[in-house]
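Trainee: only geometry, no sequence info:
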């Protein structure tokens, strides 16, 4: 394969009367054609990772030579690791190495990254250009080319990655915005031949098209979306035993935001989806007034077509440091959109929330309470209902002391919805979580102190046939940690001591672990050399009976040279011993080097 060379003299056939913008577009197209033409090498240069979703602003392109607008950064490094253990099966090879490299080219704000990793066991070349895409921008026009994602609305096209083209227009001197896209949503995955097992589930090639128009005014905005997705039924050979069927989907959505006065705001979205599960079936015409009949030029409905709606609305009231809001959401039982990766359907919920500050904003309070249910069409065997509540508070006691707490409670109920379901019982599950954190910190020019006390408790209960089952049919978890850090500011020494206690209660067993941790860190030579050593010990118990003791020693030494070179040496030793088990020892040491530019 001959090397890739972009020869400017080959552009001699550009029309002489060419505007600056036309020439930029032409050059961009020719660059992409050349990269595609030279295949793998072009991929290494332009497509080895997904380019960031932000647009590349080319408004000033051409004002300076391209080499002055190009920035190159990256790094190369490697590490050697040795490992040994006694008393147990080795968890990894006794010796292995890793080499890694990354390169990033930035041209007119367009990021082109490449990375590669090679180990003694395997090699992995990260080639983001397998999903190459760019979003050049010129004034009020933004184009999306290649693998891109666009957001129309929550229930239509919601950030799904596609291979194709899109455009966004923010028309000047108007209040209109226009978005449009078209491209492949899913690549065809054929059936495995014979009795071979496929590595991926078979799928039809899926394409999508859509447009969004928005209008902004002084106190709000409104938008309308039309999106269509369809499976290409000839893209793979189907088997008569295969349940996979080519589908089709049309979604229309209306979004709105409105501010009412100085304190009230309202926003939401209403969407309708016509989802055809098998587009090969014969088209069915309807004389009834409805969604399918009014959009029959766009929706080819048949006996497998299902129409559902989705709605989300939120109203909020804000005054000074106080906020009150209510959110209502309802998604139909079989609502689907080919433009969204995942949608939780057959759900209705209402949630209220409040947030406020009191005592001169030293105390911040927030809370929410919500109710959720399913089986909206009343065709399931059970009804599931959930109660969701949470609250948190933060209190700035003084400049040195901060207290915070959080509480959440999730209650799920499942009831039989059909009288002939004899073996279904009423089931309730409750999960509660409590957390408290107290922090004390103070410092002067020479010394600093920091004390943190944290406690967390989680409980999962269940109710069956009216009897409350706690630990016997649930679990409890406690975690308490007390730490103190002493900082000697002039020398940079930090000394941390901590005490830890964990308890996990499950049906028939109580596991506990308790022990201290000590860590010391110290920089040298104006922070060019950083050192750290830490030790921790835990005594483990089962049903109050001592099991074993585990201890860990960790140490590291890191050297930075002229901001480009980093060398690190680290090690870890773990030992576990007890009266009821064989002693275990494990040691690991590593040396790494990285160069960045």
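Mentor: Nice, thanks for sending it over. From a predicted model like this one, the values you see are computed outputs, not experimental measurements. Numbering: from 1, shown residues only.
Trainee: show me where pLDDT drops low in the stretch 451-597 of the chain?
Mentor: Applying pLDDT under 70 to the stretch 451-597 of the chain flags the ranges 462-473.
Trainee: if we use 50, what do you get?
Mentor: 465-472 (pLDDT under 50).
Trainee: for it, which segments are assigned as strands?
Mentor: Ranges of strands within the stretch 451-597 of the chain are 467-469, 475-488, 493-506, 509-524, 529-542, 545-561, 565-578, 581-596, based on DSSP state E, counting those that start in this stretch.
Trainee: just the stretch 251-400 of the chain next, same as before
Mentor: 264-276, 305-319, 322-331, 347-358, 363-373, 382-396.
Trainee: surely residue 108 touches residue 71?
Mentor: No: the criterion here is CB atoms under 8 Å, and residue 108 misses it with residue 71 at 10.1 Å. Using the backbone N, CA and C atoms, a C-beta is placed for each residue, glycine as well.
Trainee: out of these two, which sits in the more crowded spot?
Mentor: Relative neighbour count places residue 108 above the other of residue 108 and residue 71, with 19 against 11, counting by other CB atoms under 10 Å.
Trainee: so how far is residue 69 from the more buried one?
Mentor: Distance of residue 108 to residue 69, given as CB to CB, to the nearest Å: 5 Å.
Trainee: kindly report the same for residue 450.
Mentor: Applying CB to CB to residue 450 and residue 69 gives a distance of 46 Å.
Trainee: check residue 305 too.
Mentor: For residue 305, the distance to residue 69 - CB to CB - is 52 Å.
Trainee: between those two, which is the more surrounded one?
Mentor: The residue with more neighbours, out of residue 305 and residue 69, is residue 305; 24 against 15, by other CB under 10 Å.
Trainee: isn't that one right up against residue 283?
Mentor: No: the criterion here is CB under 8 Å, and residue 305 misses it with residue 283 at 9.5 Å.
Trainee: which residues does the spatially closest residue to residue 362 that is not a sequence neighbour contact?
Mentor: Closest residue to residue 362 apart from its sequence neighbours, by CB to CB, 6 or more residues apart in numbering: residue 396 at 4.6 Å. Residues counted as contacts of residue 396 (CB atoms under 8 Å, 6 or more residues apart in numbering) are 362, 363, 402.
Trainee: beta partners of residue 396?
Mentor: residue 402 (DSSP bridges).
Trainee: and the gap between it and residue 404?
Mentor: Taking CB to CB, one finds residue 396 at 10 Å from residue 404.
Trainee: check the closest residue in space to residue 302 that isn't next to it in sequence and give its pLDDT.
Mentor: Excluding the flanking residues, the one nearest residue 302 by CB to CB, 6+ apart is residue 281, at 4.1 Å. pLDDT recorded at residue 281 is 89.
Trainee: and for residue 321?
Mentor: Residue 321 is given a pLDDT of 86.
Trainee: what of residue 386?
Mentor: Residue 386 is given a pLDDT of 85.
Trainee: that one: neighbour count?
Mentor: Other residues close to residue 386 by other CB under 10 Å number 17.
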